[in-house]
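Student: coords please:
(chains A and B, ligands or ions: 2)
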Amino acid sequence: MAQFEKANSLHEWLDQRLAIDTLERVLAKEYWIPKNINFLWAMGMVLAFTFGILLVSGIFLLMYYQPNVNLAFDSVNYTIMREVEFGWLWRHVHAVAASVVFLIIYIHMFTGIYYGSYKKGREMIWISGMLLFVTFSAEAFSGYMLPWGQMSYWAGMVITNLFSIGSLELNGLVEWIRGDYVPGQAFLDRFFMLHVLLLPLAILGLIGLHFGALRIPHVNNQDGEEIDFEAEAAKYKAGNKKEAKVIAFKPDFLSKDMFVLSVFLIFFFYLVFWHYSFAMDPINFDPADPMKTPPHIYPEWYFLWSYEILRPFPKDPGLVAFGIAQVIFFLIPFLDRSPNVAPASRRGKFNIWFWVMLVDVIVLTVMGKLPPEGIFSTIGLVATVVFFALWISLPFITKNEKAV
Amino acid sequence: MAENSRRDFMGKVFGGWAALGGLGVLYAAKKTWDPLPSVKAAGFTTVDLSAAEPNVLNVEKWRGKPIFILKKTPDMEKSDRDVVVGKDRFLVAIGLCTHLGCIPAYRPDKKDFLCACHGGMFDTSGDNIKPPPPSPLVIPPFKVEGTKLVLGEEGPEYKKMKEAGLIA
Ligand code: HEM
Ligand code: FES
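Tutor: Numbers count the residues shown, from 1 in each chain, chains lettered A, B, ... in the order given. Ligands and ions are numbered 1, 2, ... in the order given. Reported below is the predicted structural model:
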C-alpha cells in the first residue's frame, strides 16, 4: 500500500487520494490557449453551457411528462404549462435553448471554416464536431415528437418515411423504426427513450471526444499561426507573460469565456422571458390527428436549409441531394486541398467560396420556410444548385492556392 | 514467446466468445424494435359502400392510416385501378402521399388531390400527375362482399390488380 500522511485539510486529503491538483494542472492551469483569438473562440464554451441548461430544464420537464399518446399532449400543455409552478419556465427555457443552440453551432462551424480550423492535425476536432451536430439534430427531432401535437406527428411521419429511401421502398425498415405502420405508442415511447437517455449519453461522450481532440493540436488562432506551445508555455511559466503568445486556460481564458457567456445569457434570458414563442410552432398546439395533415409542414428553422434541398426535386434525386447535404460538411478537411491555415480573407478564391456558401445557406433557410410556389421554388432551386456547385468546385479552387 | 502466443490465443478465444454474445444482443435489440403482434394483427375494417355519394370523398381508418374512398362520376376517367361494386366505380386507396406520407386534400371542383407538403398532385384514379410523388396512391388489400368492402383481406379483384402490378 502506498504511504499516506495525515492530511491537514480536506483539499490535501482529497489530493492524496484523487490527485486533484495534478488533474487541475493538466486540464486547466497548464492547458494553453493562444492570445491571438477573439470572442468567436468562446462559442464552444457557450455550447457546452447551453447543453447544461438543456439537461437541467429537461430533468424538471421529465418529472411531469407522460410518454403516452393519450396523455402526452395534456401533460405538456396542461399539467406542465398551467398546473406545475414554474413549469412554463422550464418549458420555455428548454425550447429556447434547443433553438438557440443551433444558432451557436452554426456560428461555431462557420468560424471553424473561416479560419481553416479543420486541417493540419485538427481533422478529428472537426469530425467529432460534425458528429455532435448530427447527434444534436437527432436529439432535437426526437424531442420535437414528445408533445404529440400535429407538427410532432406529421414531422415524425415525413422524416421516418425518408428511411424508405425512395424507390428502394424499404417500408419494412420504416415500420421497424416506428414499431407500427404509422407513428403510434411504440414510436412515442422509443423516441422518448432516445431523447432522454441514449442521445444525451452519446452527446456527453462526443463532447469528451471533441475536447480530447483539441488537446494535442490546441485551438487555432486568428492568423492560423503555428505556435510552439511548449516554448511559449515556458515563457509564460517563467513569468514572461507579456511576451508569451499563450495564456493559461484557467484562470486567464476562462475569465474571457465567462464574459462572452454572460453576454450570451442576457440575450438568452431575454428570449426566454419576452420572445419564447419563436421556438414553439403554433400548429403544435393542436393535438396529433392521424386523419388530418396540417396545410403546411415545415421543420424548425435550423433544418430548413437541408429541407429546401429536398424539395425541388422528384423523390429519388431529392433524397440523394438531401443525403449528401447532411454529410458533405464532414468532408471539408479533405476537400480543401490547400495546406494554408489562415483566415478566409487571405485565401483569395476561398474567401469568395466562404461568403457565397454562407449566403447560400441563409437563402436556402429562408426559402425553406416559404411555400414551394412560383418564384420561391425557382430561387430555392438555384440556391440548391449553387450549394452543390460550391462543393464540387472546392478541391479545384483550393488546389493551386498561393501559400500565405 | 510461447508464453505470449498462449496469451494471444486466450485473448482471441475470449474476444470471439464476447463477439458471439454481442451478436446475440444485437439480434434481441433488433427484434425488440419490431412491431408488436397486437399491432400487426390490428384487424380488418368493413366499409359499406351503398350510401356513397359520387364526387364526395370518404375517409376511413385502417391500421391507423386514412383510406380514401371516392365514388366516381360518369365523366371521370375509368381506370383498371377502380374497384367495381355493382355498376359503380370507386377509387380505394391509402390516403398517404407516396412522396413522404402527408394526406393529400381532395378538391371536388377540380376533381384532383393536392398534397400541401411539397405540392404533389393525384387524379381521381389515384395516379400521380405532378411530382414529387413518384407513384400512384397505394391500393390497400381489399375484398368486395356485396356492397361492402373488407379492408385488410386480399380478395380476387385485389389479387388480379396485384398481379397486373397496379396496386402502387
Ligand atoms: C454542443 C456541441 C459542441 C460543443 C459543446 C463544442 C465545444 C467546443 C469547445 C469548448 C471548443 C474550444 C473553444 C472554441 O474554439 O470555441 C471547440 C472547438 C472547435 N469545435 Fe466545437 N463544440 C460543439 C460542436 C461543434 C460542431 C458542430 C463543429 C463543426 C463541425 C465543431 C467544430 C469545432 C472546431 C473546428 C473547433 C476548433 C476551433 C479552433 O481550433 O479554433 N464543434 N468546440
Ligand atoms: S409528401 Fe406529398 S408532396 Fe411530399
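
Student: may I have the helix or strand of chain B at the bottom of the mean pLDDT ranking as PDB, with CA atoms only?
Tutor: Ranked by mean pLDDT, DSSP states H and E, the weakest helix or strand in chain B is helix B:37-41, scoring a mean of 78. Listed next in PDB are the C-alpha coordinates belonging to helix B:37-41 (Å, rounded to 0.1, in the frame of the first residue of the first chain):
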ATOM      1  CA  PRO B  37     -48.100  -8.800 -32.700                       C
ATOM      2  CA  SER B  38     -51.000  -6.800 -31.400                       C
ATOM      3  CA  VAL B  39     -50.100  -4.000 -33.700                       C
ATOM      4  CA  LYS B  40     -49.600  -6.400 -36.700                       C
ATOM      5  CA  ALA B  41     -52.900  -8.100 -36.000                       C
END
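
Student: contacts for that helix, please.
Tutor: Surrounding helix B:37-41, the residues in contact under the criterion CB atoms under 8 Å, 6 or more residues apart in numbering or on different chains are A:Gly179, A:Asp180, A:Tyr181, A:Gly184, A:Ala186. The C-beta positions use only the backbone N, C-alpha and C, and glycine is treated the same way.

Student: give me the next element, helix or strand, following that helix.
Tutor: Tracing the chain past helix B:37-41, the next element assigned as helix or strand by DSSP states H and E is strand B:45-48.

Student: can you give me the strands in chain B?
Tutor: For chain B, the strands defined by DSSP state E occupy B:45-48, B:57-62, B:65-71, B:83-85, B:88-94, B:105-107, B:112-114, B:121-122, B:128-130, B:142-145, B:148-151.

Student: of all these, which lies closest to chain A?
Tutor: Ranking the strands of chain B by proximity to chain A (CB to the nearest CB) places strand B:65-71 first, at 5.3 Å.

Student: the closest residue to A:Leu390 other than its chain neighbours is in what secondary structure piece?
Tutor: Counting by CB to CB, 6 or more residues apart in numbering or on different chains, A:Leu390 lies nearest to A:Met357, which is 5.4 Å off, once chain neighbours are set aside. According to DSSP H and E, A:Met357 maps onto helix A:349-369.

Student: and that helix, how far out from the chain's middle?
Tutor: Its chain's average C-alpha position is 18 Å from that of helix A:349-369, according to CA atoms, centre = their mean, to the nearest Å.

Student: stretch A:101-116 too?
Tutor: For stretch A:101-116, the separation from the chain centroid amounts to 9 Å (computed by CA atoms, centre = their mean).

Student: pull out the buried positions in that stretch.
Tutor: Buried residues in stretch A:101-116, counted by 16 or more other CB atoms under 10 Å in any protein chain shown: A:101-102, A:104-106, A:108-116.

Student: give me the contact list for that stretch.
Tutor: Contacts of stretch A:101-116 from elsewhere in the structure, counted by CB under 8 Å, 6+ apart, are A:40-41, A:43-44, A:46-47, A:50-51, A:54, A:117-118, A:125-126, A:129, A:132-133, A:136, A:140, A:220-222, A:224, A:264, A:300-302, A:329, A:332, A:336, A:340-344, A:347, A:354, A:357-358.

Student: show me what stretch A:150-166 is in contact with.
Tutor: For stretch A:150-166, the external contacting residues (CB under 8 Å, 6+ apart) are A:141, A:144-146, A:170-171, A:173-174, A:177-178, A:182-183, A:187, A:191, A:281, A:283-284, A:286-290, A:292-294, A:297, A:299, A:315-316, A:319, A:322, B:96, B:100-102, B:117, B:134.

Student: give me the subset of the residues you listed touching ligand 2.
Tutor: B:Leu100, B:Gly101, B:Cys102, B:Cys117 (CB under 6 Å from any ligand atom).

Student: can you lay out those as CSV showing pLDDT, distance to A:Leu23 and neighbour count?
Tutor: Output for these, formatted as CSV (pLDDT from 0 to 100; distance: CB to CB, whole Å; neighbours: other CB atoms under 10 Å in any protein chain shown):
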residue, pLDDT, distance to A:Leu23, neighbour count
B:Leu100, 80, 50, 25
B:Gly101, 80, 52, 24
B:Cys102, 85, 54, 23
B:Cys117, 81, 53, 25
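
Student: who are the contact partners of residue 93?
Tutor: In the absence of a named chain, chain A is used. Shown here is A:Val93, whose contacts under the criterion CB under 8 Å, 6+ apart are A:Ile53, A:Ser57, A:Val272.

Student: I was thinking of chain B, sorry if that wasn't clear
Tutor: The neighbourhood of B:Ala93, defined by CB under 8 Å, 6+ apart, consists of B:Ile67, B:Phe68, B:Gly126, B:Pro136, B:Leu137, B:Val138, B:Ile139, B:Pro140.

Student: filter those down to the buried ones.
Tutor: Here the buried ones among the contacts of B:Ala93, as counted with 16+ other CB under 10 Å, turn out to be B:Ile67, B:Phe68, B:Gly126, B:Pro136, B:Leu137, B:Ile139, B:Pro140.

Student: show me the two of these that sit farthest apart.
Tutor: Farthest apart among the buried ones among the contacts of B:Ala93 by CB to CB are B:Ile67 and B:Pro136. That separation is 14.7 Å.

Student: poorly predicted segments of the chain, please.
Tutor: I'll assume chain A. Judged by pLDDT under 70, chain A has its weakly predicted residues at A:1, A:166-169.

Student: think we crossed wires, I meant chain B
Tutor: For chain B, applying pLDDT under 70 flags the ranges B:1-3, B:42-43.

Student: show me what from it comes close to chain A.
Tutor: For chain B, the residues found near chain A under the criterion CB under 8 Å from any CB of the partner chain are B:30, B:33-36, B:39, B:59, B:61, B:63-66, B:96, B:98-103, B:105, B:116-119, B:131-134.
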